[in-house]
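> No letters, just coordinates:
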C-alpha cells in the first residue's frame, strides 16, 4: 500500500524533513538527482550514442535537473543543460547546483535544436506550479513534446496540476516520470497519469511525519497478501452466502454477470431474487446459482436471514415492482446491519427517493459512476469530474456509507475521511456489464472476511475489491486486448488474480 499526497502535503513533508529531521535541502536534492541518474543509467545502455538535454527552470525542480546533468556527465554520458527563466530568480539551492555544474564544466545549451538529442529531461516546474503555463514556457514545452527523443520528467511533468492531474495550459508528455518520496494525486488522475508515462516512486529520504497519517492510499499487488486463507475444513456456508436482488423482465444479463463474479470470488452460495421471466435464462447461464422469483414478507425475511451480504441493483429497473423490491431489502438490511452493495438501478432509485438515505450507513457500499453520482448529489457531471475526491468524500460523510466513485481512476472514500485511489484497470473495462461484475466482486470480498476476527475497515475491503476487479481487467487486456474485452473476460480472469 502506498501513500498518495497533495502538493501541500508534499511541501509539509519536505519542510518537516529539512527543519525537524535536520536533513538539508541540498542533500535531498542530491538524493533525488541520484535516483533519476540511476534510472536513466539502467535504461540508456549505449552511452556513446546518447545525447542528453536537461531543461531546467529556476525553482528547485531546476536544481534537481542541474544535479542530474552533472551526475550523468560523471557517469560518461554526453549531457547539456538549458536554463529556462531568469537566472537572477533562482532559488538558493538551484543557484548552488548552477555553480556546481559550471565548476564541473557541464556544457550549456544556449538554443534548443532538439533534433540533436536522444533524451530530454524535463526539470522546468515541480509540484508547486499554481498558474497556467504560457508564453516562452509554453512554447518550449510544445517544442519538447514534438521532439522524437525519449522524454523523462523530474518529479512531475511540467504543466500538470499536482492535485488534479489537469493540464495547466500545456504539459510535458513524458515516457518516464521519477517522482520523489510519494506519488502525487496528479499522477493518478488523467490526463496527468497518461502524461507521466511509466511512473517510478523514488525513496529520497522524505517520510511520513511521526504521529500524522496521510489520508489517501493506493493498493498494490502485494496487498493481495492480506486476503485471508481459505479455511481447509470449511463448507459452502462457511465461505458466505450472497443474495442478489437484481434483474427485471428482459434484463437478466446484469444479474448473471454480478452473480458469476460473486462465485468466482470464492463465495459458497449465491441466490438471485428476480422476476419469473429471468428464471430459465439464469438457470441456463449459471446453474450454480439458486433462483427465487418469490416476493412476499415471509419469503423475503427468510432470504434476508439466510444471506450474509446483499447486492441490490444490477439490471433491477426503476419501475414500481423494482422500487418495492429494492426498498424492502435495503430498509430491512439497515435494521439488522447486514452488509449491502448498492449498485446501478439501486442507485437510480435512491436518487429519486431522497428518504432512502436513512437506510444508508457504514454497512452499505454505494458504487456510482459519474452519471449516477450526478443524480445522487445534484452536481453537474463536469463539476464532479473537477473534484472527484471531494465529491466521493462528501457523499460518504453525508450518508455514512462507503462511496466507490467509479471513473478511470476510481475513488473509494468513507465518512472518516480515509480514501483510496485505484490504479489497476484499463480503458478496455469501459464496457457494458463491467460495473455489475464489480458489485459481485465487492460482495465476494466482504464474504472472505466473515470468519475473520480481525477485519480490515469497510473502505479498505471496498478498495481491495476495486483493485482486484481492475487487476482482472488488466490480465484480460493482456490476453484478449482492450478493444475486444467484455465483462465476461473480467470474470474469466478473477480466479487468476485470486490465485
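That came in fine, so what should we check first? If you're wondering where the values come from, they're calculated on a predicted model, not measured in any experiment. Numbers count the residues shown, from 1 in each chain.
> what residue of the protein is the furthest out?
Distance from the centre of the chain peaks at residue 103, with 44.0 Å (C-alpha atoms, centre = their mean).
> Surely residue 35 is within a strand?
No. The assignment for residue 35 by DSSP: H, G, I helix; E, B strand; the rest coil gives helix, which leaves it out of any strand.
> Number of residues surrounding it?
Residues near residue 35, counting by other C-beta atoms under 10 Å, number 20. Just so you know, the C-beta spots here come from the backbone N, C-alpha and C atoms, and that holds for glycine as well.
> Give the closest residue to it in space, chain neighbours not counted.
Nearest non-adjacent residue to residue 35, counting by C-beta to C-beta, 6 or more residues apart in numbering: residue 202, 3.8 Å away.
> If the one you found is in a bridge, with which residues?
Residue 202 forms beta bridges with residue 180, as assigned by DSSP bridges.
> ok, now how distant is the residue farthest from the centre of the chain from residue 97?
10 Å (C-beta to C-beta, to the nearest Å).
> Same check on residue 32?
11 Å.
> Mutual contacts of those two, please.
residue 67 (C-beta atoms under 8 Å, 6 or more residues apart in numbering).
> mind listing the helices for the stretch 151-300 of the chain?
For the stretch 151-300 of the chain, the helices defined by DSSP state H, counting those that start in this stretch cover 192-196, 253-264, 279-285, 297-306.
> Quickly compare those helices and say which is most buried.
Using mean count of other C-beta atoms under 10 Å, the stretch among the helices of the stretch 151-300 of the chain with the greatest mean number of neighbours is helix 253-264 (a mean of 28).
> what does it contact?
Here helix 253-264 makes contact (C-beta under 8 Å, 6+ apart) with 242, 244, 246-247, 270, 272, 274, 278, 281-282, 285-286, 288-289, 311, 314-315, 343-344, 433, 436-441, 443-444, 487-488, 490-491, 494-495, 498.
> what sits in contact with each of residue 103 and residue 97?
Here residue 103 and residue 97 have no joint contacts, going by C-beta under 8 Å, 6+ apart.
> So the nearest residue to residue 372 once chain neighbours are set aside, which state does it fall into?
Using C-beta to C-beta, 6+ apart and skipping residues adjacent in sequence, the residue nearest residue 372 is residue 347, 4.7 Å away. Secondary structure, three-state DSSP: residue 347 is helix.
> for residue 10, same thing?
Quick answer, by three-state DSSP: residue 10 is helix.
> How many residues are close by it?
With other C-beta under 10 Å as criterion, residue 10 counts 24.
> Okay, the residue nearest the centre of the chain and residue 473: tell me how far apart.
Nearest to the mean C-alpha position of the chain, counting by C-alpha atoms, centre = their mean, stands residue 422 at 2.3 Å. As judged by C-beta to C-beta, residue 422 and residue 473 stand 11 Å apart.
> And residue 488, by the same measure?
Distance from residue 488 to residue 473, by C-beta to C-beta: 12 Å.
> now do residue 371
Taken as C-beta to C-beta, the span from residue 371 to residue 473 is 20 Å.
> do residue 347 as well
Residue 347 sits 21 Å away from residue 473, going by C-beta to C-beta.
> Please say which of the two ends up with more neighbours.
Under the neighbour definition other C-beta under 10 Å, residue 347 and residue 473 were set side by side, and residue 473 has more, 29 against 21.
> who's in contact with the more buried one?
Each residue near residue 473 by C-beta under 8 Å, 6+ apart is listed here: 424, 425, 426, 428, 429, 434, 485, 489, 490, 493.
> what about the third one, how many residues close to it?
To tie it back to what came earlier, the one meant is residue 426. 15.
> Pull the contacting residues for it.
Applying C-beta under 8 Å, 6+ apart, the residues contacting residue 426 are 470, 473, 474, 477, 482.
> Do me a favour and average the pLDDT over the longest helix seen in the chain.
Ranked by residue count, the top helix of the chain under DSSP state H comes out as helix 458-480. The average pLDDT for helix 458-480 rounds to 98.
> buried sites along the next helix or strand after that helix?
Per DSSP states H and E, the first helix or strand lying C-terminal to helix 458-480 is helix 487-498. Counting neighbours by 16 or more other C-beta atoms under 10 Å, one finds that the buried residues in helix 487-498 are 487, 488, 489, 490, 491, 492, 493, 494, 497, 498.
> I'd guessed the fourth one sits against residue 469; true?
Yes. Using C-beta atoms under 8 Å, residue 490 is in contact with residue 469, at 6.8 Å.
> Overlap in contacts, those two.
residue 437.
> In stretch 451-466, which of the residues would be classed as buried?
By neighbour count with 16+ other C-beta under 10 Å, stretch 451-466 contains the buried residues 458, 459, 460, 461, 462, 463, 464, 465, 466.
> what's the answer for stretch 90-102, then?
Quick answer for stretch 90-102 (16+ other C-beta under 10 Å): 90, 91, 93, 94, 95, 96, 97, 98, 100, 101.
> Which parts of the stretch 351-499 of the chain are strands?
364-366, 402-405, 411-413, 419-421 (DSSP state E, counting those that start in this stretch).
> Return the residues in contact with residue 389.
Residues near residue 389 by C-beta under 8 Å, 6+ apart: 185, 216, 411, 413, 419, 421.
> any chance of these in CSV, plus neighbour count and distance to residue 85?
CSV is the format used below for the contacts of residue 389 (neighbours: other C-beta atoms under 10 Å; distance: C-beta to C-beta, whole Å):
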residue, neighbour count, distance to residue 85
185, 26, 26
216, 24, 32
411, 25, 36
413, 30, 39
419, 22, 36
421, 24, 33
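> possible to save those as a markdown table with distance to residue 174?
Below are the contacts of residue 389 laid out as a markdown table (distance: C-beta to C-beta, whole Å):
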| residue | distance to residue 174 |
| --- | --- |
| 185 | 17 |
| 216 | 23 |
| 411 | 24 |
| 413 | 29 |
| 419 | 26 |
| 421 | 20 |
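> Which pair in these has the greatest spatial separation?
Across the contacts of residue 389, the longest distance by C-beta to C-beta is 13.4 Å; it joins 185 and 413.
> sorry, back to before: which of the contacts of residue 389 sits closest to residue 299?
So of these, ranked by how close each gets to residue 299 (C-beta to C-beta), first place is residue 413, at 35.8 Å.
> The closest one contacts residue 459, doesn't it?
Yes. Using C-beta under 8 Å, residue 413 is in contact with residue 459, at 6.9 Å.
> any residues in contact with both of these two?
With C-beta under 8 Å, 6+ apart, residue 413 and residue 459 have common neighbours 402, 419, 420.
> Kindly indicate which of the residues you listed lies nearest residue 15.
Nearest to residue 15 among those is residue 419, at 23.2 Å by C-beta to C-beta.
> Please name the residues that touch that closest one.
Applying C-beta under 8 Å, 6+ apart to residue 419 gives the contacts 215, 216, 217, 389, 392, 393, 411, 412, 413, 459.
> can you rerun that using 6 Å?
By C-beta atoms under 6 Å, 6 or more residues apart in numbering, the residues touching residue 419 are 215, 216, 413.
> between those, which is nearest residue 159?
For the contacts of residue 419, the nearest to residue 159 is residue 216 (22.7 Å; C-beta to C-beta).
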